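[1] What shape does this take:
(one chain, ligands or ions: 1)
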Amino acid sequence: MILGLLKEYGTETRVALLPETVKSFTDLKVEVLVEKGAGEQAFATDADYEAVGAKAVSRADVFGKADVLLQIQPPAEGDVDKIKDSQVWISAFNPLWETELVKTFLDKGITTFSLDMIPRTTRAQAMDILSSMATVSGYQAVLEAATHLPTFFPMFMTAAGTIRPANMLILGAGVAGLQAIATSRKLGAQVQVFDVRSAVKEEVMSLGGKFVELEGATEDKAAGGYAVEQTEEFKKKQQQAINDHAAKANVVICTAQIPGRKAPLLIPKEAVDNMKAGSVIIDLAASTGGNCELTKDNETVVHNGVTIIGQSNYPAKKPIDASRMLGKNVLNFMKLIIGEEGALNLNFEDDIVKGTCITHAKEFYNERVKSLIETK
Ligand code: NAD
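    All right, here's what the predicted structure looks like:
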């Protein structure tokens with residue numbers, strides 16, 4: 001097969017494969033075409049790709065010659081029209097949210113895989129781009145908070161007196177939240193954590209965070225380790241507890257999300273009104289509506305002295321390591337669809353291949369996307 005690596009657009013700095021990973025594809029006898037300049041912002045030159053056996057070509061050549069088109073972002077405006085029904089499109093296009101794009105893929109008969117839909121099973125862990133990128137986001141969110149905060153993170157005992165450590169509140173202890181706890185602790189902050197899944201309590205504690213326990217949360221084993229919608233009664237109770245903690249916090253890091261739904265609203269405007277001037281909210285759930293009512297996606301707003309940062313692409317701030325992790329995930333996933341002599345082998349008997357496939361031959365493959373779109 002010919003794999004075409006496309007250049008990203010907008011503010012994206014990552015690339016789906018760094019040269020080090022391209023080498024693994026050429027070793028598997030996959031021919032790799034790289035759009036000229038694709039790795040530029042992740043500090044990989046066309047010559048670096050050519051040195052490991054890829055060919056740097058024009059964008060038109062990638063679209064014209066590749067069997068499989070690969071990038072991180074959903075297709076850019078107008079790109080869907082360039083994809084042929086004989087081609088396979090692989091990227092992370094958030095199909096539970098971008099339903100119009102999914103319908104277009106279906107109507108055009110394009111085979112598509114969305115890497116953010118890789119089932120979260122043990123076998124798929126090494127392919128899980130969400131975990132990789134959440135790790136980067138959790139880390140970067142803390143660094144960003146530390147930069148904006150007008151006070152220190154750690155406790156300092158100096159001749160000029162004792163400086164108290166920063167008080168952090170972390171909402172959601174999934175992959176990003178856990179990384180945020182670890183990074184905040186390394187920087188010396190005190191960390192309080194809320195989550196609706198009781199299973200994370202031990203992990204939070206082992207990282208040195210304090211888990212705030214609230215009775216009455218709804219949990220569903222069938223949700224595959226994810227959170228589910230909560231009852232109105234629980235939401236009220238949680239709201240009060242979060243308001244109290246937010247008022248004492250210097251930094252709030254929001255990571256709470258529910259797959260395929262709007263992020264839960266956990267910090268209403270009144271809670272921000274009660275926060276200390278100079279404090280910082282980093283809302284990692286910004287792209288799905290945000291956990292804070294005042295969050296604006298990809299914008300920084302200041303409300304009564306509280307800085308609210310709605311950044312949804314922190315991984316783009318660490319392009320080399322983020323691309324390195326992504327590339328390894330992509331390689332591990334694509335090994336499932338690369339057959340003998342580098343040929344494309346779509347084996348839908350494999351649960352990971354089937355679960356990650358969104359559309360193929362004008363049919364839906366991923367069950368969650370199928371039922372979401374058919375019941376809309
Ligand atoms: P996520 O991004 O969907 O959500 C982040 C966190 O927000 C979750 O911990 C969730 O419980 C929490 N949350 C949701 N609503 C909330 C609310 N109202 N209040 C407080 N917290 C709320 O989650 P994620 O980080 O992508 O992953 C969640 C879990 O999935 C992991 O912790 C793990 O158990 C599992 N997982 C499994 C694999 C695998 O096996 N391959 C990989 C990654 C994650």
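[2] hey, let's count contacts and neighbours off CA atoms from now on
    Will do.
[3] Now do the worst-scoring helix or strand of the chain on mean pLDDT: everything it contacts.
    Least confident helix or strand, the chain: helix 367-374 with a mean of 90, by mean pLDDT, DSSP states H and E. Applying C-alpha atoms under 8 Å, 6 or more residues apart in numbering, the contact partners of helix 367-374 are 95, 96, 99, 355, 358, 364.
[4] Next one, pLDDT for the closest residue to residue 294 other than its chain neighbours please.
    Once flanking residues are discounted, residue 294 sits nearest to residue 269: 6.4 Å by C-alpha to C-alpha, 6 or more residues apart in numbering. Here, the pLDDT recorded for residue 269 equals 96.
[5] Can you report phi and psi for residue 269?
    The phi/psi pair for residue 269 (degrees, to the nearest 10) reads phi -50, psi -40.
[6] That one: how many residues sit nearby?
    13 (other C-alpha atoms under 10 Å).
[7] Over to residue 79?
    10.
[8] ok, now residue 211?
    Residue 211 - counted by other C-alpha under 10 Å - has 20 other residues nearby.
[9] what about it, distance to residue 245?
    12 Å (C-alpha to C-alpha, to the nearest Å).
[10] What of residue 353?
    43 Å.
[11] The ligand contacts on the stretch 1-150 of the chain?
    Applying C-alpha under 6 Å from any ligand atom, one finds that the stretch 1-150 of the chain approaches the ligand through 120, 121, 122, 124, 125, 131.
[12] Now tabulate those residues in TSV and tack on distance to residue 164 and neighbour count.
    Below are these laid out as TSV (distance: C-alpha to C-alpha, whole Å; neighbours: other C-alpha atoms under 10 Å):
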residue	distance to residue 164	neighbour count
120	40	18
121	42	14
122	42	9
124	43	16
125	39	17
131	33	20
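[13] Residue of the stretch 251-376 of the chain closest to the ligand, please.
    residue 256 (3.2 Å; C-alpha to the nearest ligand atom).
[14] Contacts for the top helix by length along the chain next, please.
    Longest helix in the chain by number of residues (criterion: DSSP state H): helix 129-148. Contact partners of helix 129-148, identified using C-alpha under 8 Å, 6+ apart, comprise 115-116, 152-153, 175-180, 183-184, 251, 253, 280-282, 284, 313-315, 317-318, 322, 325-326, 329-330.
[15] so after it, what's the next helix or strand?
    Where DSSP states H and E defines the elements, the next helix or strand beyond helix 129-148 is strand 156-158.
[16] And the helix or strand following that following strand, how far out from the chain middle?
    Sequence-wise, the next helix or strand downstream of strand 156-158 (DSSP H and E) is strand 161-163. Centroid separation between strand 161-163 and its chain, computed with C-alpha atoms, centre = their mean, to the nearest Å, is 38 Å.
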